[in-house]
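Q: Whatever this is, show me its structure:
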Amino acid sequence: MQATTLKQSFFRFFLFIGLAAAMVACKKDKDSNGPGPDPVPNGAKLQAYTNGEDYIRFTYNADGTVKKITVKTDDSNYGDEMDYTVTYNAQKKIASLATDWYKIEVEYQNNVLSRANMYEYNKQIGYTDYVFENGNLKKATIHYGEGGLFVPLMEYVMTYNGQGNLTETLVKMAAGEPGQLLPAGLTTYEYDQKANPLYQYRELLALFWQSPSKNNITVESEFDGDHQLTDKFTYTYTYKSNGLPEKGTVKQGLPGQDPVTSQLTFTYQ
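A: Below you'll find the predicted structure:
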């Protein structure tokens, strides 16, 4: 979801929320998608991720849970900052995520995320149904509409390897018959062996149809509905002594093209 690993893990879903809102004028699983073991060394918390002038910042509660996410990107809200406030239920599971005009209210079955209801200015514009498998987000089906009538608009179907890293994301879009979703694109991923600082936020990011993996993406290839390669991102990182990424470079472009290069930085608290 981004022009870089982290940018795609954050920025593109914020853009999609705005676009989808403008368009409107579970499976039960024994595995929990909760925080689980924290693979990040020393429990380090990501304070900020920066890509050029774009950034994401995390603010935390005293117990270490995320209190607020601040996002700034040209792809979201005309380049202005957006603050997303996170609230929790009695079980310390995410109850809602909200800006001053947009809100996601979360439902669980057997302590596993099952549905997220989306509201714009207190009016429901849709919902997402979730399926988890072995603790990983397997499918997210997004419905939009108005007046209580919602139809499937998009679906993400995710495949994982034996290490639990996401290897493919199949995107389906509404087309043809009402309720019919057809393949529209595919993204594949390769990884390093270092800890991904986003993995600890996987429950939060699932609300934006993301499934961050345990390790950091090194190659991301995007294909269209005809399985033709349309874009490619190659990532290199500089790591801290504890193994977490500190800086990075992403080169975007197809083979034979002059790549577009972006610089990444990671800040921890």
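Q: now the strands: where do they sit in the stretch 51-200 of the chain?
A: 54-60, 66-72, 82-88, 94-98, 102-109, 112-120, 123-133, 136-146, 149-160, 166-174, 181-195 (DSSP state E, counting those that start in this stretch).
Q: Which secondary structure elements does the first one sit against?
A: With contacts defined as 3 or more CB pairs under 8 Å, 6 or more residues apart in numbering; DSSP states H and E, the packing partners of strand 54-60 are helix 5-23, strand 46-51, strand 66-72. Using the backbone N, CA and C atoms, a C-beta is placed for each residue, glycine as well.
Q: Now do the most centrally placed residue in the chain against G145, distance only.
A: For the chain, the residue nearest the mean C-alpha position is Q210 (2.9 Å; CA atoms, centre = their mean). For Q210, the distance to G145 (CB to CB, to the nearest Å) stands at 23 Å.
Q: if we can go back for a sec, in which helix or strand does the residue nearest to the centre of the chain reside?
A: Per DSSP states H and E: Q210 is located in neither a helix nor a strand.
Q: can you check the one 10 residues further on too?
A: Under the criterion DSSP H and E, the helix or strand holding E220 is strand 215-224.
Q: What strands line up against that strand, and which way round?
A: Partners of strand 215-224 in the sheet, by DSSP bridges, are strand 181-195 (antiparallel), strand 229-239 (antiparallel).
Q: would you put the C-alpha positions of the first one in PDB?
A: This file holds the C-alpha atoms of strand 181-195, laid out as PDB (Å, rounded to 0.1, in the frame of the first residue of the first chain):
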ATOM      1  CA  LEU A 181     -15.700  -9.600  -7.100                       C
ATOM      2  CA  LEU A 182     -13.100 -10.300  -9.800                       C
ATOM      3  CA  PRO A 183      -9.300 -10.500  -9.600                       C
ATOM      4  CA  ALA A 184      -7.800  -7.000 -10.300                       C
ATOM      5  CA  GLY A 185      -4.200  -7.300  -9.200                       C
ATOM      6  CA  LEU A 186      -1.600  -9.200  -7.200                       C
ATOM      7  CA  THR A 187       1.400  -8.200  -5.100                       C
ATOM      8  CA  THR A 188       4.200 -10.500  -4.100                       C
ATOM      9  CA  TYR A 189       6.800 -10.000  -1.400                       C
ATOM     10  CA  GLU A 190      10.300 -11.100  -0.400                       C
ATOM     11  CA  TYR A 191      11.900 -10.500   3.000                       C
ATOM     12  CA  ASP A 192      15.100 -10.100   5.000                       C
ATOM     13  CA  GLN A 193      15.700 -11.900   8.300                       C
ATOM     14  CA  LYS A 194      15.400  -8.800  10.500                       C
ATOM     15  CA  ALA A 195      12.500  -7.800  12.800                       C
END
